[in-house]
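Student: Just to be clear, the model below is a prediction. Sequence and coordinates:
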Amino acid sequence: MGLTVTRMMGSDASAAVRLVNTFARKEISIRYMVRFLHNPANYLLMADLDGVAVGFLLAYALERLKEEERMLFIYEIEVTADHRRERIGTALFEAVRDIAMREGVERAFVITHSSNVGAVAFYQHTGGERVDGDDVVFRYSWE
């Protein structure tokens, strides 16, 4: 069988819920996942190795105010510890790139910490260019 990478769609909601539970240890509803997967701006890709989920990539196509083209925000990519360094992350990345380009999204960005040496090396390996070492990310929790 080998490795397959697929973009999950609304009909894959049950498998996507299991994926989230496996990787994030979070319980989410099928109803929520169906809605999430039906949004064409959401990209959830799963890497399956011989019937077992071994990784995923989550990205969002963002509309831009000052430019007419959308840009892909690669939010999260994860591969199980026992399958890292087997090109699964690269396969996920290449798959989302190919899908996005078919849909007219030709640019992407990702945010990581410079202290995350593995992630920095991965994004450089996949062709990412570090554009500004001075970027700062702020997070808000409105409760």
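Tutor: Received the coordinates, thanks.

Student: residue ranges of the strands in this structure, please?
Tutor: Secondary structure of the chain (DSSP state E): strands located at 3-7, 42-49, 52-62, 71-79, 108-110.

Student: for those, which one sits closest to residue 124?
Tutor: Residue 124 lies closest, by Cβ to Cβ, to one member of these: strand 108-110, at 11.1 Å. Placement of C-beta: from N, CA and C, glycine included.

Student: What strands line up against that closest one, and which way round?
Tutor: In the sheet, strand 108-110 lines up against strand 71-79 (parallel) (DSSP bridges).

Student: Okay, buried residues for the partner strand please.
Tutor: 71, 72, 73, 74, 77, 78, 79 (16 or more other Cβ atoms under 10 Å).

Student: One more: stretch 23-42?
Tutor: Neighbour counts over stretch 23-42 (16+ other Cβ under 10 Å) mark 23, 33, 34, 36, 37, 42 as buried.

Student: ok, which pair from those residues is furthest apart?
Tutor: So, the buried residues of stretch 23-42 by Cβ to Cβ: farthest apart are 23 and 34, at 19.0 Å.

Student: what comes into contact with the biggest helix by length in the chain?
Tutor: Assignment by DSSP state H gives helix 88-102 as the longest helix of the chain. Contacts of helix 88-102 with the rest of the structure, by Cβ atoms under 8 Å, 6 or more residues apart in numbering, involve 3, 5, 7, 43, 45, 47, 49, 54-57, 59, 61, 72, 74, 77, 79, 106, 108, 122, 125-126.

Student: same thing but 7 Å
Tutor: 3, 5, 7, 43, 45, 47, 54-55, 57, 59, 61, 72, 77, 79, 108, 122, 126 (Cβ atoms under 7 Å, 6 or more residues apart in numbering).
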